[in-house]
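J.: after the sequence you'll find the predicted model.
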Amino acid sequence: MVSPMVTVVSHPLIQHKLSLMRDTGTGVKEFRELAAEISMLLAYEAMRDLELAPQTLTTPLETGEFPMLTGKKLALVAILRAGLIMTDAIVALVPAAKVGHLGMYRDPQTLKPVAYYNKLPADIAERRVFLTDPMLATGGSASAAIDSLKEAGAQSIKLMCILSAPEGIAVIERDHPDVEIVTAAIDSHLNDHGYIVPGLGDAGDRIYGTK
Ligand SMILES: O=P(O)(O)OC[C@H]1O[C@H](OP(=O)(O)OP(=O)(O)O)[C@H](O)[C@@H]1O
Ligand SMILES: O=c1cc[nH]c(=O)[nH]1
Ligand SMILES: [Mg+2]
């Protein structure tokens, strides 16, 4: 059973687009577009609990109270490289959000994350953080990224991934039980090289055409 901290967004539009992303026949341009579209649809679900408050506005017909976003401001944080495609898409929905970057690559031998860059909004402690990475495989990269966010003071963190492995979800639940995960699908398992099966391959390479 999927834990209550994990939301799988099984909307048909997302599932269709994800299947296209998996296909080896999908080229760089379409892969990027699909990743961006799925990211926006995932954000719709991940941001379902944003607070609203009534605000007095005047339409061309009358003055009234209408719901507007309120409460904590937002931060979108990308795990580089691949997470960038997600924050770039989501920021169109929430243009006032600040954007942070955590550079991290997974060592192909050890499968451990190597951090190489950290630039976060100075007021991240006061913001709701949406951390993005298309792939949650062993969970090492996301767990280390959440460590960095917490060290910087972040208190409210949701992890948004396009595709997750059960192994990665278990690591986040163990290391960061307070962090909700929003994902489009949970695949079967990891192979011996730490790749998600059936998966979609190396997300960064497919987004940036580096292989
Ligand atoms: O859950 P994990 O086992 O840590 O693996 C997932 C990580 O691997 C990929 O990044 P990669 O290391 O390929 O870097 P890139 O985005 O620069 O391609 C992916 O975007 C995640 O960050
Ligand atoms: O399947 C995987 C695992 C890690 N990183 C990826 O991009 N894909
Ligand atoms: Mg990669």
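T.: Nice, thanks for sending it over. Ligands and ions are numbered 1, 2, ... in the order given.

J.: residues from this protein in reach of ligand 3?
T.: Neighbours of ligand 3 within the chain, by C-beta under 5 Å from the ion: 202, 204. From N, CA and C alone the C-beta is placed, and that goes for glycine too.

J.: OK, now which residue of the chain is nearest to ligand 3?
T.: Nearest residue of the chain to ligand 3 (C-beta to the ion) works out as residue 204 at 3.0 Å.

J.: pLDDT score for that residue?
T.: Residue 204 is assigned a predicted lDDT (pLDDT) of 97.

J.: likewise the one 4 residues further on?
T.: As predicted, residue 208 sits at a pLDDT of 97.

J.: quick one: contacts for it?
T.: Taking C-beta atoms under 8 Å, 6 or more residues apart in numbering as the contact definition, residue 208 lies against 28, 81.

J.: if we use 7 Å, what do you get?
T.: Residues in contact with residue 208 (C-beta atoms under 7 Å, 6 or more residues apart in numbering) are residue 81.

J.: next, give phi and psi for it.
T.: Backbone torsions for residue 208, taken as degrees, to the nearest 10, come to phi -100, psi 0.

J.: same deal with residue 170?
T.: Dihedral angles of residue 170 (phi, psi; degrees, to the nearest 10) stand at phi -60, psi -40.

J.: which strand residues bridge residue 80?
T.: Beta bridges link residue 80 to residue 103, judged by DSSP bridges.

J.: related to what we said a few turns ago, and the residue of the chain closest to ligand 3, what element?
T.: Residue 204 belongs to helix 203-208 when elements are defined using DSSP states H and E.

J.: repeat that for residue 173.
T.: Going by DSSP H and E, residue 173 is in helix 166-175.

J.: that helix close to ligand 1?
T.: Yes: Helix 166-175 lies within reach of ligand 1 by C-beta under 6 Å from any ligand atom, at residue 168.

J.: I appreciate the help and will end here.
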